[in-house]
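Q: below are the sequence and a predicted model; questions follow.
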Amino acid sequence: MTDAEKPAQGATEPIIRVRGLVTRFGAQVVHDGVDLDVTKGEVMGLVGGSGTGKSVLLREIVGLMEPSAGRIEVLGRDTRELGERERLALQARWGMLFQDGALFSSLTVLENIQVSLKEHTDLPQDLIDEIARVKVAMVGLPPDAGPKYPSQLSGGMRKRAGLARSLAMDPEILFLDEPTAGLDPIGAAAFDELIGSLQRSLGLTVFMVTHDLDSLYAICDRIAVLVDKKVVVGTIDELLRQDHPWIRDYFHGPRGRAASAAKGK
Ligand SMILES: Nc1ncnc2c1ncn2[C@@H]1O[C@H](COP(=O)(O)OP(=O)(O)OP(=O)(O)O)[C@@H](O)[C@H]1O
């Protein structure tokens, strides 16, 4: 890092730092110079039209895919420069919730939550049992959901169970991919509220891909918009003043106006 790149004293070091990211699939260029900083303790939403590379960017940040060029640091480390053990230790510091909850169907909710605790810790089984029960309660599931299998839960409960699993290791960062997709508006609002309250009480940094304008208004501090293969970042108020056509249509369109009215903006 050169002196020019060093943060000013007292400035908050980004917890996720993306520089000059390029993603190509054959001749298709998905990202072409994406720069992004996510600051500790903020909730950042990632939006963009279909196929603009939201999921790919998320997968690259968590190390599930390799970008074609550029640099990604999470919690101050570039995952590509780490050995296997260090990489696993770093990954244990964040949780991920994929769209479908990504629960193991052959395991109960409690067993699902225990998977990473068993993989990453030497805690005794009775403590692991207790932690799993606490996580079930934290996400607002009743205790009797714990021994159930994913197929025995509603869609909203499965999402909560997935969230409980992603919180198992007390992560510092929570990555969410379309957390409210498939939920009805009331279920989606309740899930947003849950994420917001967990973020505040646990001091989490949240990075979420979403199409849900209500979520953006309800819980996001800043929003990253993928347009023209790059990212434009701002608060909702800042983005409302942007005159890029896609951003203008998205935030000033009918759904944007409804979400804004609901939030009293
Ligand atoms: N493994 C892959 N191989 C080739 N192309 C891929 C691969 N993964 C994604 N793509 C392409 O990259 C582009 C971005 O995909 P991505 O899933 O990130 O879009 P998205 O913004 O999340 O879209 P949506 O909102 O529709 O889910 C798409 O054109 C997709 O076809």
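A: Cool, got the structure. Bear in mind that the values here come from a model prediction, so they are computed numbers and not experimental data.
Q: pull the CA atoms of the longest helix along the chain into CSV?
A: In the chain, ranked by residue count with DSSP state H as the criterion, the top helix is helix 185-202. Provided in CSV are the C-alpha atoms of helix 185-202 (Å, rounded to 0.1, in the frame of the first residue of the first chain):
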residue,chain,number,x,y,z
PRO,A,185,-44.6,-8.5,1.6
ILE,A,186,-45.4,-9.0,5.3
GLY,A,187,-42.9,-11.9,5.6
ALA,A,188,-40.3,-9.8,3.7
ALA,A,189,-40.8,-6.8,6.0
ALA,A,190,-40.5,-9.0,9.1
PHE,A,191,-37.3,-10.5,7.7
ASP,A,192,-35.8,-7.1,7.0
GLU,A,193,-36.7,-6.1,10.5
LEU,A,194,-34.9,-9.2,11.9
ILE,A,195,-31.8,-8.5,9.8
GLY,A,196,-31.8,-4.9,10.9
SER,A,197,-32.1,-5.7,14.6
LEU,A,198,-29.5,-8.5,14.4
GLN,A,199,-27.1,-6.1,12.6
ARG,A,200,-27.6,-3.5,15.4
SER,A,201,-27.3,-5.8,18.3
LEU,A,202,-24.4,-7.9,17.0
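Q: and that helix, how far out from the chain middle?
A: 13 Å (CA atoms, centre = their mean, to the nearest Å).
Q: then stretch 70-83?
A: Its chain's average C-alpha position is 17 Å from that of stretch 70-83, according to CA atoms, centre = their mean.
Q: what residues sit buried inside the longest helix of the chain?
A: Of the residues in helix 185-202, Gly187, Ala188, Ala189, Ala190, Phe191, Asp192, Leu194, Ile195, Gly196, Leu198, Gln199 count as buried by neighbour count, 16 or more other CB atoms under 10 Å. The C-beta positions use only the backbone N, C-alpha and C, and glycine is treated the same way.
Q: and it, what other elements does it pack with?
A: Packing partners of helix 185-202 (3 or more CB pairs under 8 Å, 6 or more residues apart in numbering; DSSP states H and E): strand 43-48, helix 155-166, strand 173-177, strand 205-209, helix 213-219.
Q: so which of these comes closest to Arg255?
A: Within the helices and strands packed on helix 185-202, the stretch nearest Arg255 is helix 213-219; the backing value is 5.3 Å (CB to CB).
Q: quick one: mean pLDDT for that closest one?
A: The average pLDDT within helix 213-219 is 87.
Q: right, is it up against the ligand?
A: No. Figure legend: helix 213-219 not in contact with the ligand (CB under 6 Å from any ligand atom); closest approach 13.9 Å.
Q: helix or strand next in line after that helix, which one?
A: Using DSSP states H and E, the next helix or strand after helix 213-219 towards the C-terminus is strand 222-227.
Q: run me through the strand neighbours of that next one, direction for each.
A: Strand pairing for strand 222-227, using DSSP bridges, gives strand 43-48 (parallel), strand 230-234 (antiparallel).
Q: so which of those is the most surrounded?
A: When you average the neighbours per residue for each of the strands paired with strand 222-227 (mean count of other CB atoms under 10 Å), strand 43-48 leads with a mean of 23.
Q: quick one: work out the angle between that one and strand 205-209.
A: With axes from the mean of the first three to the mean of the last three CA atoms, to 10 degrees defining the directions, strand 43-48 sits at 20 degrees from strand 205-209.
Q: name the residues that touch strand 43-48?
A: Identification of contacts with strand 43-48 by CB atoms under 8 Å, 6 or more residues apart in numbering yields 38, 54, 57-58, 195-196, 199, 205-211, 215-216, 219-227, 233, 246, 250.
Q: quick one, which of those residues are buried?
A: Neighbour counting by 16+ other CB under 10 Å classes 38, 54, 57-58, 195-196, 199, 205-211, 215-216, 219-220, 222-227, 233, 246, 250 among the contacts of strand 43-48 as buried.
Q: what ranges does the chain have for its helices?
A: Along the chain, counting by DSSP H, helices occupy 54-61, 84-91, 109-120, 125-138, 155-166, 185-202, 213-219, 236-240, 245-252, 254-263.
Q: got the contact list for the longest one?
A: When you say that, I think you mean helix 185-202. For helix 185-202, the external contacting residues (CB under 8 Å, 6+ apart) are 43, 138-140, 155-156, 159-160, 163, 167, 170, 174, 176, 179-180, 183, 204, 206, 208, 212, 214-215, 218-219.
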